[in-house]
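Participant: dropping the sequence and predicted coords here.
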Number of protein chains: 2
Amino acid sequence: MSRRARRSQEWNVRASALARNTHNLIRNIVDNLQVEPNPDKPFIALSIGDPTTFGNLNPPEQVIQAIRDSVELHTSRGYAPSKGHQEAREAVAVYSAHQGDISAEDVILSSGCSHAIELVITVLAECGQNILVPRPGFMIYKTLAEGLGIQIKYYRLLPDKQWKVDLDDLENQINDDTAAIVVINPSNPCGSVYNKEHLSEILDIASRNQVPIIADEIYEHFVFSGNEFTAISSLSKDVPVLTCGGLTKRFLVPGWRMGWVIIHDRHNILGREVRQGLANLSTRILGPSTLIQRALPAILKYTPQSFFDDVLLFIENQAKLAYAELLRAPGLRPIMPQGAMYMMIEIKISLFSEFKNDLQFVERMVSEQSVFCLPGRCFEYPNFMRIVLTVPEDALREACQRIAIFCKEHIDMEEKCKEINSN
Amino acid sequence: MSRRARRSQEWNVRASALARNTHNLIRNIVDNLQVEPNPDKPFIALSIGDPTTFGNLNPPEQVIQAIRDSVELHTSRGYAPSKGHQEAREAVAVYSAHQGDISAEDVILSSGCSHAIELVITVLAECGQNILVPRPGFMIYKTLAEGLGIQIKYYRLLPDKQWKVDLDDLENQINDDTAAIVVINPSNPCGSVYNKEHLSEILDIASRNQVPIIADEIYEHFVFSGNEFTAISSLSKDVPVLTCGGLTKRFLVPGWRMGWVIIHDRHNILGREVRQGLANLSTRILGPSTLIQRALPAILKYTPQSFFDDVLLFIENQAKLAYAELLRAPGLRPIMPQGAMYMMIEIKISLFSEFKNDLQFVERMVSEQSVFCLPGRCFEYPNFMRIVLTVPEDALREACQRIAIFCKEHIDMEEKCKEINSN
Ligand SMILES: Cc1ncc(COP(=O)(O)O)c(C=O)c1O
Ligand SMILES: Cc1ncc(COP(=O)(O)O)c(C=O)c1O
C-alpha cells in the first residue's frame, strides 16, 4: 500500500483495500439504474428479497409474543457471552436436530445469516485462498470474501437439470488453495432443492478432495410439495460442514438480524483450532441483540407448523401462477422452482435485438411496464432475470401479464420466424 | 500461509490467521484464572463492565416503552438500508448535535459500538499500517486490528496527571504508517475526562501530522460534577474525526447492540472514498436489529435528563466511597476518576513481595477475600487493577473493606518500614 507522506502539506486519507473491495453487486446495479417507471402504470417491484415489504406476509403471533415477553425481562438487556446465551444456543441445537447430532457447544449465534457467513468464511479462508461458490448464486459471498483477498471461484449450476451442480466443473475448480465449497440449498436465486442423492455426490467430491463445506441453509424447510429438504450435514460421513442459518426467511423477520453457525464435525477434523477460531471471531462484535436471543427459545418452540405450511402453500401457488403466466411470454423461459421464494427466467436475448443484454431488457421493462426484475448479472449470470414470489397475488399476476406484453412488443419477429422455421 | 496438500490422506483444516490472531485479552485472562473464591465469603465481582449485571441499574421506562411500541410496528421487521433507517440516523444526528454540524448523511448505524469501531478501523487502516491507542485503554482495538495485520502502537497516559495523554510520546509514536489516533474519552479503564484544552493539544498533534482521529465516545456525557464533557469533533478545525458511540452504557442496554459511527469531516478530507468505504463495509452484515432501529428516535428523544443525572450521581458517589475506603489499604493508590464507571488502582507491587505481579495479587485476593478485580494486564498496564463502580453500594463498600484487609495482611512490613524511613 502507498504510505501516507507525513511531510506533504496536503491531507491524504485513503480508504483501505478491504473497504474499497467490498462490493454489493445487487446494490451497485440497482442503485445505478437510470430509469423511471411508466407514470401511467403502478410500479411493481419483483426485485425485493424482503418478504415483509408488501405487508401480506407477517411473522406469526407467537414470535411477536416471544419478543413482547423478552422486552420485560431484566435479563434481556445485559451483555450475552460472545457466542450467545446458553439457552438460546441450546434451543437452536434442538431446532436443528435434523442436521445431525449437535449440542449447544456446536452453535454460535450471529447478527443475521450474513454475519454467520462472514464468520465461517473468515475462519476457513485466508487471503490468497479461494472458496467455491455456485453460479448463479447469492452474492454475499463475493461481498464478504473479496475485500479480504479471498478469491471467489464459481462452479456451474445446470438450468436444464433443475439447477443441479455440474459435478465435473465443481471438482475441476478445486485447487490447492481451495478453503471451502459453498452449497446454497434451497437456492437463492434458483429456487432449486437438492435431493439426498445429489447432496451425496457433492459430499463425495468434498471428501475426495478434503475440502470442508459451508452449507447456506437460510431457506431450510422452504420446499414445495413433492420435494424434501435434507440438510447436507446429515449425510456427511467425514466432511466437516459449517451450516449457516437463522430466523430471517422462515420466520419473516429479516430486519431482526438473528442468525447462527452450526459446526458439524463428526470426525473432529476441524479440531480445536477452527472451533477456537470461530469463538475468537465471535468476540469481535459480539452476537445478535439479547432482546432476540432471550426470545429465541420460545420462537423456535412455539411457532406452529401450520404457520410454515401456510406460507409455503402461498409461495408454491405463486410459483405456479407466475410460471403459467410467463409461459405465454415469447422469448422467455421460466424455470419452475422447487422451493425458496424466487424464480429464474431465461431471457432469449438473441430474440430481442433491441437489447444488448439483460440489463437493458429489465431497464426498458421498468420504463414501459413499471415492472422491475433483478437482472441476472446481479448473480453473475447474464441473460436471466430473477423474480420474487412473495409479492401479493394480484400484483404478481399483473406483473407477469405486463412482462408478457412487453415481450410480445419487443420480440424480434424476423428472429422468431427463423427460430420457428429451423425447428 | 501453508497450502493444503490435497493429495495427502489426512484432512488438514486450519483456522485463518485472522481467526488465530483475534484475541480478547480480558476473556483470555479471566477464563484462565485458576482460583476458587473463599467459600466462607460471598463472591463480589468488581470486574464486570456490564452495568446491568447486578439489577440495581436499569434502563428508563421510556426506553422499554419505545421497544414495546416498536414490536407492534409492521415496519420493525423488514430489512433496513445497510447504513440504517433514515429516521433513526436523523435521530442520532439530532442527539449528537453537540459533536458538530452533522446530518443523517454522516451517521451509520452499527451492531453495538464494537462494530462501529470495526467499521472505522477497517476503513482507515490497511494491513501493515498502525493505529495509536492509549495505554491503559480498552482492548477492543487490539482484538479488532491485530487479526487484520494492523499494528497497535500504544501512547502513554499519565496516571499522575489524571491520565492525560503524554503528548510527546503520542507525537513520537506517529510514523508514515500511522492510519489513525484513537482517543477514548471518557476513558475505560481510567475514568478520566479531558478538558477542551487537552483535547485541542491532541488535535494539534493530529493536524500537524495529518492523522485522522477515531473518537471512542461510548461514555459521552458520563462525567462527574465539576467536569465537562466535550466531544473532540466539536473542537476540530481540520482533522477528520470518526466518532463511535451508541446506547450501550448511557442507556444501560449493552446487550441490545445499538451503536453508530458519525463522520466529522468539515474540510472534506475524507472525501468520497472513505465515506463510500464505510458504506461498502456496512453492507457486509447490515446494521443493528430493526426492532431497536425503529425505537431509536423515541429512545433518544424521550429519555428524561433526570434519568441520566440519577445514574451519574450514583456512580459519582460510588467513586467517592471506593476512593475513601481504598485510601485505607496500604500499598494501593486509587486514582479518583472524573467520569465513566471505573477506577484504576495502583498496586505498589514491590511492597508485596509474596506476589510477582498484578495477576498473582488479584488471584490471591479471590481465593482469600472472594473479591475479583481486573488485573492491569487486561489493559496491558501491569501493577494496576480496575474496579467497576456500578455494583450495589453495600457490595462495593464490603469489597473495598476486604481489599484493605487483604493488603494489610500481605504488605511486606520490612519493605514498608524501609519506604517510610527513606521518605
Ligand atoms: C442464500 C442466502 N444466504 C444468506 C442470506 C442473508 O441472510 P440474512 O439477511 O440473515 O443476513 C440471504 C438473504 O437473502 C440469502 O438469500
Ligand atoms: C471504551 C469502550 N469502547 C467501546 C466499547 C464497546 O461497546 P459495545 O458494547 O457497544 O460494543 C466499550 C465497552 O465496554 C468500551 O468500554
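Facilitator: On my side now, so go ahead. Numbering: from 1, shown residues only, chains lettered A, B, ... in the order given. Ligands and ions are numbered 1, 2, ... in the order given.
Participant: get me the contact residues on the stretch 101-250 of chain A for ligand 1.
Facilitator: When proximity is defined as Cβ under 6 Å from any ligand atom, the stretch 101-250 of chain A approaches ligand 1 at A:112-114, A:138, A:140, A:184, A:188, A:216, A:218, A:246, A:248. Any C-beta I mention is one placed from the backbone N, CA and C, and that applies to glycine too.
Participant: in helices only, show me the residues you listed.
Facilitator: A:112-114, A:140 (DSSP state H).
Participant: mind listing the strands for chain A?
Facilitator: Using DSSP state E, the strands assigned to chain A run over residues A:44-45, A:107-110, A:130-135, A:151-158, A:164-165, A:178-184, A:213-216, A:241-246, A:259-264, A:332-335, A:342-347, A:371-372, A:374-375, A:384-388.
Participant: mind telling me which residue of the stretch 301-423 of chain A is nearest chain B?
Facilitator: With Cβ to the nearest Cβ, the shortest gap between the stretch 301-423 of chain A and chain B falls at residue A:390, namely 11.4 Å.
Participant: report how many residues lie close to the residue nearest to residue A:107 when sequence neighbours are not counted.
Facilitator: Counting by Cβ to Cβ, 6 or more residues apart in numbering or on different chains, the nearest residue to residue A:107 once its immediate chain neighbours are dropped is residue A:89, at 4.1 Å. Per other Cβ atoms under 10 Å in any protein chain shown, the neighbour tally for residue A:89 reads 25.
Participant: ditto for the one 5 residues further on
Facilitator: The number of residues packed near residue A:94 is 13, by other Cβ under 10 Å.
Participant: just the pLDDT at it, thanks.
Facilitator: On pLDDT, residue A:94 comes in at 98.
Participant: quick check: residues of the stretch 101-250 of chain A near chain B?
Facilitator: When proximity is defined as Cβ under 8 Å from any Cβ of the partner chain, the stretch 101-250 of chain A approaches chain B at A:111-112, A:114-115, A:118, A:122-129, A:143-144, A:147-148, A:174-179, A:209-210, A:212, A:238, A:240.
Participant: the residues you listed in helices, which ones?
Facilitator: Mapping those onto helices (DSSP H) picks out A:112, A:114-115, A:118, A:122-124, A:143-144, A:209.
Participant: columns distance to residue B:75 and neighbour count on top of those residues, output as TSV?
Facilitator: As requested, these are exported to TSV (distance: Cβ to Cβ, whole Å; neighbours: other Cβ atoms under 10 Å in any protein chain shown):
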residue	distance to residue B:75	neighbour count
A:112	18	27
A:114	21	24
A:115	22	31
A:118	26	26
A:122	32	25
A:123	35	31
A:124	37	27
A:143	25	24
A:144	27	26
A:209	46	17
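Participant: can you redo those residues as TSV with pLDDT and distance to ligand 2?
Facilitator: TSV is the format used below for these (pLDDT from 0 to 100; distance: Cβ to the nearest ligand atom, whole Å):
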residue	pLDDT	distance to ligand 2
A:112	98	17
A:114	97	18
A:115	98	14
A:118	98	17
A:122	97	19
A:123	98	21
A:124	98	25
A:143	96	23
A:144	97	21
A:209	97	40
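Participant: make a markdown table from the strands of chain A and add mean neighbour count to it.
Facilitator: Formatted as a markdown table, those follow (neighbours: other Cβ atoms under 10 Å in any protein chain shown):
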| stretch | mean neighbour count |
| --- | --- |
| strand A:44-45 | 22 |
| strand A:107-110 | 28 |
| strand A:130-135 | 24 |
| strand A:151-158 | 18 |
| strand A:164-165 | 21 |
| strand A:178-184 | 25 |
| strand A:213-216 | 27 |
| strand A:241-246 | 28 |
| strand A:259-264 | 26 |
| strand A:332-335 | 19 |
| strand A:342-347 | 23 |
| strand A:371-372 | 25 |
| strand A:374-375 | 26 |
| strand A:384-388 | 27 |
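Participant: quick one: the helices in the stretch 201-350 of chain A?
Facilitator: A:232-235, A:271-282, A:290-302, A:305-326 (DSSP state H, counting those that start in this stretch).
Participant: which residues touch residue A:397?
Facilitator: A:321, A:325 (Cβ atoms under 8 Å, 6 or more residues apart in numbering or on different chains).
Participant: give me that answer again for 10 Å
Facilitator: With contacts defined as Cβ atoms under 10 Å, 6 or more residues apart in numbering or on different chains, the neighbours of residue A:397 are A:318, A:321-322, A:324-325, A:391.
Participant: same check on residue A:150?
Facilitator: Contacts of residue A:150 (Cβ under 10 Å, 6+ apart): A:121-122, A:124-131, A:141-142, A:144, A:177, A:179-180, B:16.
Participant: cool, residue A:356 as well?
Facilitator: Listed by Cβ under 10 Å, 6+ apart, the contact partners of residue A:356 are residue A:349.
Participant: could you tell me how far it is located from residue A:28?
Facilitator: Going from residue A:356 to residue A:28 by Cβ to Cβ, to the nearest Å gives 19 Å.
Participant: ok, residue A:173 next?
Facilitator: 25 Å.
Participant: please apply the same query to residue A:176.
Facilitator: Using Cβ to Cβ, residue A:176 is found at 32 Å from residue A:28.
Participant: what residue ranges in chain A score low on pLDDT?
Facilitator: Applying pLDDT under 70 to chain A picks out residues A:1-9, A:415-423.
Participant: tell me how far residue A:134 lies from residue A:227.
Facilitator: The gap separating residue A:134 from residue A:227 is 18 Å, by Cβ to Cβ.
Participant: up against chain B, what does the stretch 251-400 of chain A have?
Facilitator: Residues of the stretch 251-400 of chain A lying close to chain B by Cβ under 10 Å from any Cβ of the partner chain are A:251-259, A:265, A:267-295.
Participant: what about burial for the residues you listed, which qualify?
Facilitator: Buried members of those, counted by 16 or more other Cβ atoms under 10 Å in any protein chain shown: A:251-259, A:265, A:269-271, A:274-275, A:277-295.
Participant: let me see the ranges of the helices in the stretch 1-150 of chain A.
Facilitator: All helices of the stretch 1-150 of chain A, identified by DSSP H, counting those that start in this stretch, fall at A:17-20, A:25-31, A:61-72, A:86-95, A:112-124, A:140-145.
Participant: closest to residue B:345 out of these?
Facilitator: For residue B:345, the closest of the helices of the stretch 1-150 of chain A is helix A:86-95, at 32.7 Å, according to Cβ to Cβ.
Participant: what comes up buried for the closest one?
Facilitator: Within helix A:86-95, the residues that count as buried by 16+ other Cβ under 10 Å are A:88-93, A:95.
Participant: chain center to it, what's the gap?
Facilitator: 23 Å (Cα atoms, centre = their mean, to the nearest Å).
Participant: repeat for stretch A:16-24
Facilitator: Stretch A:16-24 sits 20 Å away from the centroid of its parent chain (Cα atoms, centre = their mean).
Participant: what about it, start to end distance?
Facilitator: End-to-end distance of stretch A:16-24 (Cα to Cα, to the nearest Å): 16 Å.
Participant: hmm, it touching chain B?
Facilitator: Yes. Using Cβ under 10 Å from any Cβ, stretch A:16-24 reaches chain B at A:16-24.
Participant: in JSON lines: those, plus neighbour count and distance to residue B:107.
Facilitator: Formatted as JSON lines, the residues of stretch A:16-24 next to chain B follow (neighbours: other Cβ atoms under 10 Å in any protein chain shown; distance: Cβ to Cβ, whole Å):
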{"residue": "A:16", "neighbour count": "25", "distance to residue B:107": "21"}
{"residue": "A:17", "neighbour count": "17", "distance to residue B:107": "25"}
{"residue": "A:18", "neighbour count": "22", "distance to residue B:107": "21"}
{"residue": "A:19", "neighbour count": "23", "distance to residue B:107": "17"}
{"residue": "A:20", "neighbour count": "16", "distance to residue B:107": "22"}
{"residue": "A:21", "neighbour count": "16", "distance to residue B:107": "24"}
{"residue": "A:22", "neighbour count": "25", "distance to residue B:107": "19"}
{"residue": "A:23", "neighbour count": "15", "distance to residue B:107": "22"}
{"residue": "A:24", "neighbour count": "21", "distance to residue B:107": "19"}
